[in-house]
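Asker: turn this into a structure:
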Amino acid sequence: MTTVRRGLVSALARRTTVRTNGCRLPVRSVVTAFLVALALAGLGDLAAVTPAAAQGFVYNPPPPRPKPPRTANDGQMLVQAVEVDYDYNNSRVSAVGNVQMFYNGTSVEADKVIYDQKTKRLHAEGNIRMTDADGKITYAEIMDLSDDYRDGFVDSLRVDTADQTRMAATRADRTSGNYTVFENGVYTACAPCRDDPKKPPLWQVKGARIIHDQQEKMLYFEAAQLEFFGVPLAYMPFFSTPDPTVKRKTGFLMPGFTSASTFGYGVEVPFYWAIAPDYDLTLNPRITSRQGVLFQAEFRQRLMNGAYQIRAYGIDQLDPGAFAGLPGDRQFRGGIDTKGQFALNDKWVWGWDGVVLSDYYFMSDYRLAQYRDPLSSFLLLPTEALSQLYLTGVGNRSFFDARTMYYLSFSGNQSQVPVIWPVIDYSNVLNYPVFGGEFSYKTNFVNLSRDSAVFDPITTLANTNSLCVTASADPLARMPSQCVLRGFPGTYTRLTAEAQWRKSFTDPFGEIWTPFAIMRADAIKSSVSNQPGVSNFLPVGDTQTVRLMPTVGLEYRYPFINVQPWGTTTIEPIAQVIIRPNETYAGRLPNEDAQSMVFDASNLFSVDKFSGYDRVEGGGRANVGMQATTQFDRGGAINALFGQSYQLFGMNSFAVQDATNTGLGSGLDKPRSDYVARVNYSPNRTYTFSVRARLDEQTWNVQRFEAEGRANFDRWSVSAIYGNYAPQPELGYLTRREGILATGSLKVAANWVVTGSARWDLEANKINQYVVGAGYVDDCFVLAANYVTSYNYVAGTAPPTLSHAFMFQLGLRTIATSSGSSAASSGFIQ
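Answerer: Okay, here's the model as predicted:
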């Protein structure tokens, strides 16, 4: 039995006129009779129409009527109308004038609602607005449905769904409680134009008939045409797509297109198989005009605590000669790559990445997987693929990471790439003070092996005469000036442990004193193979040693603060004194992780300026500098730092020539280092400027200079960085390097963006890398085109080739996304 809230009925009784066939009944009785009749007819969910199509998208909805109070889903029905009639002779109940009905989360608003007890049909007319519990809104002029909503029709239909899709039709017929047929239907996922709702949306699909199978959750379009801004651009006799409520559905995906000189033109026709809610399979054969069919498959599964995926590739090449002289000159080529990550709890995760290829050119030749990654594909193609197994944990003030790594070289020099069996890092900062200060510790363990030595010629003489592998007659002359040894052949194991304590004091004068103490120990075992030329750089054979580096130091800061009406300025002299013994075995041990050495203002006050654990800085050193910061009251800030480093006593680690010449020419390889400076200026949120420089301590010549500027506005942004670097013959840079890298984007319209970037080599006076792109993005449509240049690396010492690529992407929300690409090489870069 349906109940009615008495407060609502009482309100109706005060302002409603009720007529019957020849007699006048109390309002309360008529409304109750109307509700009971509806209830006895078995009316349930009023959501009669499922989303399927759209016709004209003219948005003129009636003014919103006051909503009746909603109740829980307890079977109660509320009805409100200006007039309620009951026809005893014809067994009809009518509600007329601003009719509002609410039942089980669904509301219906109309000018008139009639329920026929004999035919058990509900008929609504005029300004119909039905909202179901999911937020879907249906607009119509006439609605005629059976009492169980399995059959009926709706005229002049328009539907708005909760996921912002829209449909309309001149008429919709519903049968068997499952099929809804929209005559002259239109479907779109675009919002109507705010200024002109009658204007066609950006895109829409029209169909003579659109059939919605609610059980299969599919939309079938007959005689369909795709329109952009009301202009037909494509005609399809028939096509189907999952309805907007479906996130995963078995079926064919939009095709993709690609081309290259080696495999010709290619088209991909992906098939997606939603096997189960937690795993799926995508089959994506690429049919090429020159090499045949490249089979691709991807399997994905999501578990309770993580997910993994597996990709497989394979092709029986019809024309291997297209890759003549390259590793791809073979009949069968293929590969497998996989990745996964799982959470052990809220702090620990483990996972893997894996790649196995028939040849190291396979990925690049067919532009697969990582070559489609926007950060690597279009700017700098990767030279290697990584296989690894890892375990990572993150605490409040601690970090743990353990992994084993295998790099698959795309350049063909696999024997020169190390296998890192494990590398383990752990660091922790104690949550409680030790002797009133902060105590922290960290450890690092690594074990790696390499089959062949990696020599890097640093002069044109070495490059032509192969002096890298010539044995030296003088056993003390182990560092020939023509080459460096980037990677040694053999095995290497190192365990490093470091503990640090520091505490800051502020005296009555405002001076800040920070004493610190560090104890580091390294246990090292190396076995260097006696390959040609290796003995010129490292002692061959087995080496076992322990390296200790105790360090004590004091850092001093004395900030002077000046407050003015326009802002606050802080001037802070900084001095740091470090006392420690000489680095033991300097230059006589392998250096794998500390080969990079850039001295600038960012590491002026670093206790150890080496970038890795394989080298450790020794000897007494003093670092001094002056820092000034101004914070403006109206916004903006400027920061400047200028300083220098001094070798006080002992051996200068940066002046020791090791196998990679790390430290030589860095500006630290002399008793008084080069000057380093930095200026950062941000007047507001729009502009940012930064200048970094290293100047020769005797001549003040520029050794390293970088100037960077950024600007971000509402419609456009731009950034540019200028670099000027002096020659570093010890590292193989024989001439000065100078260039500009500029990037920018412009929002030319509400949804249109143009982007571009270019790198200009000022020494060669040419632009050697650039990207140009344009795109349109909104809530329902994506259109993007990019023209890019990138580098392809080849085996041996041949220079890389500059390749040109074009990428196109088109996406219609809820319908499909398609892309295409084309690539070509323009020859060697000199």
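Asker: Ser261: neighbour count?
Answerer: Ser261 is flanked by 11 other residues according to other C-beta atoms under 10 Å. C-beta coordinates here come from the backbone N, C-alpha and C atoms, glycine included.
Asker: over to it: give its phi and psi.
Answerer: Backbone torsions of Ser261, given as degrees, to the nearest 10, read phi -70, psi -30.
Asker: try Phe362
Answerer: Dihedral angles (degrees, to the nearest 10) for Phe362: phi -60, psi -50.
Asker: show me what contacts it?
Answerer: Taking C-beta atoms under 8 Å, 6 or more residues apart in numbering, we find Phe362 in contact with 313, 328, 333-335, 368.
Asker: ok, now with 7 Å
Answerer: 328, 333, 335 (C-beta atoms under 7 Å, 6 or more residues apart in numbering).
Asker: excluding chain neighbours, what is closest to the last one?
Answerer: Taking C-beta to C-beta, 6 or more residues apart in numbering as the measure, Gly335 lies nearest to Leu357, with 4.0 Å between them; neighbours along the chain are not counted.
Asker: possible to save the contacts of Phe362 as TSV with pLDDT?
Answerer: Formatted as TSV, the contacts of Phe362 follow (pLDDT from 0 to 100):
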residue	pLDDT
Gly328	89
Arg333	95
Gly335	93
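Asker: ranking these by neighbours, who comes first?
Answerer: Arg333 (24 neighbours).
Asker: part of a strand, is Ser602?
Answerer: No: assessed with DSSP: H, G, I helix; E, B strand; the rest coil, Ser602 is helix; it does not lie in a strand.
Asker: for the one helix or strand Lys112 maps to, packing partners?
Answerer: If you go by DSSP states H and E, Lys112 is part of strand 106-116. Packing contacts for strand 106-116, counted by 3 or more C-beta pairs under 7 Å, 6 or more residues apart in numbering; DSSP states H and E, involve strand 92-103, strand 121-131.
Asker: got the angle between the shortest one and strand 106-116?
Answerer: Put plainly, it is strand 121-131. 160 degrees (axes from the mean of the first three to the mean of the last three C-alpha atoms, to 10 degrees).
Asker: what average pLDDT does strand 121-131 get?
Answerer: Mean per-residue pLDDT for strand 121-131: 86.
Asker: that one packs against which elements?
Answerer: Counting by 3+ C-beta pairs under 7 Å, 6+ apart, strand 121-131 packs on strand 106-116, strand 137-146.
Asker: circling back to that earlier point, so which of the helices and strands packed on strand 106-116 is nearest Val159?
Answerer: Of all the helices and strands packed on strand 106-116, strand 121-131 sits nearest to Val159, with 9.3 Å by C-beta to C-beta.
Asker: who does that closest one pair up with?
Answerer: With DSSP bridges as the test, strand 121-131 is paired with strand 106-116 (antiparallel), strand 137-146 (antiparallel).
Asker: mean confidence score for the longest one?
Answerer: It stands for strand 106-116. pLDDT averaged over strand 106-116 gives 85.
Asker: so for the residue nearest to Gly335, what's the pLDDT?
Answerer: 90.
Asker: now Thr814
Answerer: At Thr814, pLDDT is 79.
Asker: quick check, Asp365 in a helix?
Answerer: Yes: the assignment for Asp365 is a helix, going by three-state DSSP.
Asker: mind checking how far it is from Glu384?
Answerer: 16 Å (C-beta to C-beta, to the nearest Å).
Asker: between those two, who's got more neighbours?
Answerer: Neighbour count, other C-beta under 10 Å: between Asp365 and Glu384, Asp365 has more, with 22 against 17.
Asker: once you drop chain neighbours, what's closest to that one?
Answerer: Nearest residue to Asp365, sequence neighbours excluded (C-beta to C-beta, 6+ apart): Gly328, at 5.1 Å.
Asker: do I have it right that the one you found meets Ser358?
Answerer: No: using C-beta atoms under 7 Å, Gly328 is not in contact with Ser358; the gap is 9.1 Å.
Asker: any chance of the strands paired with strand 121-131 in TSV, plus mean neighbour count?
Answerer: Below are those laid out as TSV (neighbours: other C-beta atoms under 10 Å):
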stretch	mean neighbour count
strand 106-116	21
strand 137-146	20
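Asker: Tyr179 is nearest to which of those strands?
Answerer: Here strand 137-146 is closest among these (C-beta to C-beta), at 13.9 Å.
Asker: remind me which residues of this protein are low pLDDT?
Answerer: Residue ranges of the chain with pLDDT under 70: 1-77, 103-104, 147-150, 369-383, 460-467, 469-481, 790-802, 817-830.
Asker: show me where it has its helices.
Answerer: 6-15, 27-40, 362-366, 374-377, 460-465 (DSSP state H).
Asker: strands of the stretch 201-350 of the chain, start to end?
Answerer: For the stretch 201-350 of the chain, the strands defined by DSSP state E, counting those that start in this stretch occupy 203-213, 218-228, 231-242, 251-252, 256-260, 264-268, 271-276, 279-283, 286-288, 292-303, 306-316, 332-343, 348-357.
Asker: was I right to think Gly619 contacts Ala655?
Answerer: No: look at Gly619 against Ala655 with C-beta under 7 Å: they stay out of range, at 9.7 Å.
Asker: the two: who's more crowded?
Answerer: Neighbours were counted for Gly619 and for Ala655 using other C-beta under 10 Å; Gly619 has more, 20 against 16.
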